[in-house]
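Chemist: Give me a model of this one.
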Amino acid sequence: MNYLHKTVLIILMAFFATAAVHAQKKGKKKAVAATKKSTANRGGDTISEISKKGIGDTSSPKVVTITSAFKPFLKNAAKVNFTAATPVIDSSKIPVGYTIPSQNLFFSYQPAALKPLALAVDSGYTWENDQYIKFGAGNFSSYLAEAAFSFGDGKTSVTNVRGNFLTSTGHLFAQQASKWGIDVLSVFNTANNHEWTAHPFYQTSTQYQYGYQPSTLAYQKDQLLQQFNTVGLEAGLQNKVANSFGITYHPQVSFIRFSDNHEAQENNFVIKAPISKAFGKIYSFNVGMTADISTATFPLVPASAKLVNNLYYINPSIQFMTPNFRIKAGIQPSWDNQNFSTLPDITAEAKLSDANLVAEAGWVGYFQKNTYRSIIGFNPWVGSLTSLLNTRTREQYVGLKGAKGDHFTYQARFSLLHFNNQPLFVNNSADGKIFSVLFEPEMQAVRLHGEVGYTVQEKFSFIAAATYSQYNSLAVNAKPWGLLPLEVTGSLKWKLLKDIQLKADVFVWDGSAYRDSSFQSRKLKPVADLNVGAEFTVMPRVNLWLQMNNLLNNAYQRWNQYQVLGFNVLGGVVYSFR
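Modeler: I've put the predicted structure just below:
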């Protein structure tokens, strides 16, 4: 019995030992398989590495499963919301105000809405009409009177009326001259941006032909009298702003009647019609049409000369303009007393760097309309005319112009000129008191011209110009009789103090060539003429003025045989009604 029990107990212990070994081997295989699977998933340790690390409890292996990557982030901040306020009605604009809610800031108020207003008209300048009268007297029995008046509101209409009178008498026989006139200029603005201008005027001058030689000749004063009368009317219309088609226009018409005390008369009628069409901001097309018609009669000339002088021309051109470059290309077909010619009209300007320096060049042609009135304006000692021709000029030029700083400006130009029918002036062969006009068929010239200016607001201004001309290649005449080879002018105005203003003028020129009684070529002496003046306030509306002319007391001659007055001083008073 005991033997049987021992046998059964040994068999059961052997069975349980075998089962335990078998279960341990099976669990080890499952653990290795799970480890391989985990390693494959994470691309990590090999089997040997796992063996080195050791395997824990194989019945419940530790496996971590990652479901998503962790991405830290901040919570979105609350945005500021703008709520439009009720629009406020304005006469010109509708401004929109905004209410801005406070965000984490606890203000005790809300920002007020912005309400822009219409721009108010600048009240810094108010139009005021000026009126003044001026009187003066001086040596050489000189008397001066001048008056000017302005009317209108400065917006819809302005009218300026000006009158003047001046007389003086020299020491030579019949060296006496006087002039007086009245001039009216009116400007009217319409509601549709148009401007009308009207300019009536009247001028009369009286003088005597005292430049005869020899001076022992016996003349009655009335025999030497010259009196010229001018009456005219000019009118024009222009649109101050381009219309919807980009077109601007400025038609003008004028009529002038000129006469003297020898029954000579001249009527001059002129029509001008310039039109400009803009194509954007760069291109523009310009065209102008001009008709200049004049007729002069001289009854005291043999055969009672009647001179008809008509000039018609048109000048179309195209302009290209940028901030740094401008070019104009055009032509001018012209009919000068039925003689046809075509003149060039080509100009160019280019800005050089940033130095406010501009280079210019051009090839242009133009006419100088010669009338009895214009010739008398240049040489007042001309007698009756026997012919009238218009001067045709062709000019080729290059130059520079610019500014230095805010006050200094300058310009320089070099020109080659070609003249046709240039009027020249020679003393007649009798006593020389009257000049005859000779029209030179062809003449050339080289010209240099320069200008400088310096201005400081209204306190100080200075401008000077010089022109040198070398005339050559005359076809008929030996010299350019009466034309100045060198001319220098200068003007200065200086407001020294609040109530004191100074001014000065200088005229310098080289003498012109003239022809004496024996037809020999001569040359007048160079001339320097200096004038100074001053004006200062003595009462709120009263100013005193002083003018001194020909300070060097130079008895020079601009025209042969006609000596000017010497040192001349004038002084007087100005009364302003404002």
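Chemist: Test my guess that Thr537 contacts Gln501.
Modeler: No - with contact defined as CB atoms under 8 Å, Thr537 and Gln501 do not form a contacting pair (9.3 Å). C-beta here means a position set from N, CA and C on the backbone, and glycine is covered the same way.
Chemist: more neighbours, these two?
Modeler: More neighbours surround Gln501 than the other of Thr537 and Gln501, with 19 against 16 (other CB atoms under 10 Å).
Chemist: Please settle this for me: is the more buried one part of a strand?
Modeler: Yes - using DSSP: H, G, I helix; E, B strand; the rest coil, the assignment for Gln501 is a strand.
Chemist: Could you report the neighbour count for the nearest residue in space to Ala177 that is not next to it in sequence?
Modeler: Nearest residue to Ala177 in three dimensions, chain neighbours excluded: Gln207, at 4.3 Å (CB to CB, 6 or more residues apart in numbering). Neighbour count for Gln207, taken as other CB under 10 Å: 18.
Chemist: Repeat that for the one 5 residues further on.
Modeler: Neighbouring residues of Tyr212 were enumerated by other CB under 10 Å; the total is 20.
Chemist: Which strand or helix spans it?
Modeler: In this structure, Tyr212 sits in neither a helix nor a strand according to DSSP states H and E.
Chemist: Just want to check the distance between it and Tyr219.
Modeler: 7 Å (CB to CB, to the nearest Å).
Chemist: In contact with the residue nearest to the spatial centre of the chain: list those residues for me.
Modeler: In the chain, the centroid-proximal residue (CA atoms, centre = their mean) is Gly402; its distance is 12.3 Å. Gly402 makes contacts with Ala355, Asn356, Leu357, Val358, Thr409, Tyr410, Gln411, as judged by CB atoms under 8 Å, 6 or more residues apart in numbering.
Chemist: can you give me the end-to-end distance of stretch 199-216?
Modeler: The straight-line separation of the ends of stretch 199-216 (CA to CA, to the nearest Å) is 46 Å.
Chemist: residues of that stretch that come out buried?
Modeler: Across stretch 199-216, burial judged by 16 or more other CB atoms under 10 Å covers His199, Phe201, Gln203, Ser205, Thr206, Gln207, Tyr208, Gln209, Tyr210, Gly211, Tyr212.
Chemist: The residue nearest to His262 when sequence neighbours are not counted: neighbouring residues, count only.
Modeler: Spatial nearest neighbour of His262, chain neighbours left out: Leu300 (5.4 Å); criterion: CB to CB, 6+ apart. By other CB under 10 Å, 11 other residues sit near Leu300.
Chemist: Also the one 5 residues further on?
Modeler: When neighbours are defined as other CB under 10 Å, Ala305 has 17 of them.
Chemist: ok, now how distant is it from Val452?
Modeler: From Ala305 to Val452 the distance is 46 Å (CB to CB).
Chemist: How about Tyr212?
Modeler: 42 Å.
Chemist: if you skip the residues just before and after it, what's nearest to Thr455?
Modeler: Ser461 (4.6 Å).
Chemist: Revised request: answer the last question for Ala555.
Modeler: Nearest one to Ala555, counting by CB to CB, 6+ apart, is Gln563 at 5.3 Å.
Chemist: Mind listing the residues bridging to that neighbour?
Modeler: On the basis of DSSP bridges, Gln563 is bridged to Gln557.
Chemist: Count the residues that sit near it.
Modeler: 16.
Chemist: can you pull the contacts of it?
Modeler: Contacts of Gln563 by CB under 8 Å, 6+ apart are Leu172, Gln175, Gly211, Ala555, Tyr556, Gln557.
Chemist: Check pLDDT for these and point me to the minimum.
Modeler: Among the contacts of Gln563, Ala555 carries the lowest pLDDT, at 89.
Chemist: Surely Asp222 forms part of a strand?
Modeler: No - counting by three-state DSSP, Asp222 is not part of a strand but helix.
Chemist: about what we covered before: and what about the residue nearest to His262, helix, strand or coil?
Modeler: Following three-state DSSP, Leu300 is assigned to coil.
Chemist: what sits against it?
Modeler: Leu300 makes contact with His262, Glu263, Ala264, Ser384, according to CB under 8 Å, 6+ apart.
Chemist: separation between the residue nearest to the third one when sequence neighbours are not counted and Phe425?
Modeler: This means Ala264. Spatial nearest neighbour of Ala264, excluding adjacent residues (CB to CB, 6+ apart): Phe298 at 4.8 Å. Separation of Phe298 from Phe425 (CB to CB) stands at 17 Å.
Chemist: Can you give the domain ranges for the protein?
Modeler: 2-53, 131-241 (automatic domain parsing).
Chemist: worst average pLDDT in the ones you listed?
Modeler: domain 2-53 - the lowest mean pLDDT of those, at a mean of 50.
Chemist: for Leu484, phi and psi?
Modeler: Leu484 adopts backbone torsions of phi -80, psi 130, taken as degrees, to the nearest 10.
Chemist: tell me the SS of the residue nearest to Asn421 when sequence neighbours are not counted?
Modeler: Take Asn421 and drop its neighbours on the chain: the residue closest to it by CB to CB, 6+ apart is Leu389, 4.1 Å away. Following three-state DSSP, the label given to Leu389 is coil.
Chemist: Which pLDDT value belongs to Leu389?
Modeler: 96.
Chemist: now it: how far from Asp336?
Modeler: Using CB to CB, Leu389 is found at 8 Å from Asp336.
Chemist: Might you report the residue contacts of Ile318?
Modeler: Applying CB under 8 Å, 6+ apart, we find Ile318 in contact with Tyr283, Ser284, Phe285, Asn286, Lys328, Ala329, Gly330.
Chemist: and the fifth one, how many neighbours does it have?
Modeler: Okay, so that is Lys328. By other CB under 10 Å, neighbour count at Lys328 equals 18.
Chemist: now it: how far from Arg394?
Modeler: Lys328 is 16 Å from Arg394, by CB to CB.
Chemist: Correct me if wrong, but Ile375 is in a strand.
Modeler: No - if the criterion is three-state DSSP, then Ile375 is helix and not within a strand.
Chemist: For the residue lying closest to it once chain neighbours are set aside, list each beta-bridge partner.
Modeler: Nearest residue to Ile375 in three dimensions, chain neighbours excluded: Val382, at 5.6 Å (CB to CB, 6+ apart). For Val382, the beta-bridge partners are Phe435 (DSSP bridges).
Chemist: Isn't the residue nearest to Ala177 up against Gln226?
Modeler: Yes - counting by CB under 8 Å, Gln207 does reach Gln226; the two are 5.2 Å apart.
Chemist: Give the residues shared as contacts by those two.
Modeler: Pro380.
Chemist: For the closest residue to Asp260 other than its chain neighbours, pull up the helix or strand it's in.
Modeler: In space, and not counting its chain neighbours, Asp260 is closest to Phe228: 5.2 Å by CB to CB, 6+ apart. Per DSSP H and E, Phe228 falls inside strand 225-239.
Chemist: What pairs with that strand, parallel or antiparallel?
Modeler: strand 194-208 (antiparallel), strand 252-260 (antiparallel).
Chemist: Now do the shortest one, average pLDDT.
Modeler: This means strand 252-260. 97.
Chemist: Can you point out the buried residues in that strand?
Modeler: Those would be Gln252, Ser254, Ile256, Phe258, Ser259, Asp260, for strand 252-260 by 16+ other CB under 10 Å.
Chemist: and the closest residue to the second one other than its chain neighbours, how many neighbours?
Modeler: Counting by CB to CB, 6+ apart, Ser254 lies nearest to Glu234, which is 4.1 Å off, once chain neighbours are set aside. With neighbours defined by other CB under 10 Å, the count for Glu234 comes to 16.
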